[in-house]
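**Student:** Pasted the sequence and its predicted model underneath.
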Amino acid sequence: MTSTKADIDHSYSLSNEFFRLWLDDNMHYTSASYITGEETLEEAQWNKCRILYEYAEITPDKLVLDIGCGWGANLAYLVKRGVKRAHGITLSTAQAEYARARNLPGVTIFLGDFFEFEPPELYDALQSIEMIDHVVSPEQANQGLAVDLYRNYFKRCWEITKPGAFFGFQAILRDRVPRNRKDLEDLKFTADVIFPGGLNPRLEELIMAIRPYWECLEMRTQRTSYRRTTAEWLKRLRANEAIIRAKWGDRVFEDYDRYLSTCVRAFDSYWSSDVQMKLRRCDEAL
């Protein structure tokens, strides 16, 4: 992991109560999937879980690992679908505590670095939702190391799965670079202050990096869904402005307002997007 535990705790361990004020009821901190356009945020988040469940070809008897499981929202969906055993791993102390407190039947939460994780057994299926932005730093990308580092991630995913495994994968994407100084400053602020040590991959980097370990069978992008997701988060954040300023201070509210406003603008302006992939483990080719 390029993002250190201190970086992760900075990004995700501010306060579970704080995030609960503006995320959906189940605490998803990733893009929802608006299919009809009529869904609530909560319904669209379940859409996302369903898509990735189907991409990973999960059945109740399969052992599943959720890489970067956050507060356990996707794991709750797996339990809802009847999955008997599932594991989640996160580097955030607060997220691990929250996910464990859900007491989801058959679910085990691991706190630690995915690259150092030694699973008790191999997995039938994998899911990872916007965790890969913590694998490569901006400095490493500038040095031309991104594809190799992403490939090392997909290799590690290959190593902990059984032959025939499927992988439901989702990632935020970086795309066009803005030309306006204020826009560049806001994007840099988001990277440096809200998510230090992280970087969103480019789509072409991911396509190159999955080989030779995985094959992409299906892919869908959802830029407008993430635009709507972040706009809803911003709306809920602002609805709780007085509470946030009183409990966590003016700086926290202003930083998150700036960050979410920048996200909405980034998706509107095609600087950023989001991708979901159905990956199949390559066996014979290796």
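**Tutor:** Nice, thanks for sending it over.

**Student:** buried ones in stretch 14-30?
**Tutor:** 18-19, 21-24, 26-30 (16 or more other CB atoms under 10 Å). Glycine gets a C-beta too; all of them are placed from N, C-alpha and C.

**Student:** CA atoms only for that stretch - export them in PDB, please.
**Tutor:** Written as PDB, here are the backbone C-alpha positions of stretch 14-30 (Å, rounded to 0.1, in the frame of the first residue of the first chain):
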ATOM      1  CA  LEU A  14     -12.200  11.300  11.500                       C
ATOM      2  CA  SER A  15     -15.400  10.200  13.100                       C
ATOM      3  CA  ASN A  16     -18.000   7.500  12.200                       C
ATOM      4  CA  GLU A  17     -20.700   9.900  13.500                       C
ATOM      5  CA  PHE A  18     -19.400  12.600  11.100                       C
ATOM      6  CA  PHE A  19     -19.600  10.300   8.000                       C
ATOM      7  CA  ARG A  20     -23.000   8.900   9.100                       C
ATOM      8  CA  LEU A  21     -24.500  12.500   8.800                       C
ATOM      9  CA  TRP A  22     -24.000  12.700   5.000                       C
ATOM     10  CA  LEU A  23     -23.500   9.200   3.600                       C
ATOM     11  CA  ASP A  24     -26.400   6.800   2.900                       C
ATOM     12  CA  ASP A  25     -28.000   4.800   5.700                       C
ATOM     13  CA  ASN A  26     -25.600   1.900   5.200                       C
ATOM     14  CA  MET A  27     -22.400   4.000   5.100                       C
ATOM     15  CA  HIS A  28     -21.200   3.400   1.500                       C
ATOM     16  CA  TYR A  29     -18.400   5.800   0.700                       C
ATOM     17  CA  THR A  30     -18.200   4.900  -3.000                       C
END
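
**Student:** what residues does it touch?
**Tutor:** Outside of stretch 14-30, the residues within contact range by CB atoms under 8 Å, 6 or more residues apart in numbering are 12, 32, 41-42, 45, 48, 70-74, 76, 94, 97-98, 129-130, 170, 233-234, 236-237, 239-240, 243-244, 247-248, 252.

**Student:** What of stretch 213-230?
**Tutor:** 31-34, 41, 44, 51, 55, 151, 154-155, 157-158, 167, 172-173, 203, 207, 210, 260, 263-264, 267-268, 270, 272-282, 286.

**Student:** need the next SSE after the lengthiest helix in the chain, C-terminal direction.
**Tutor:** Ranked by residue count, the top helix of the chain under DSSP state H comes out as helix 250-268. Moving toward the C-terminus from helix 250-268, the next helix or strand (DSSP states H and E) is strand 272-281.
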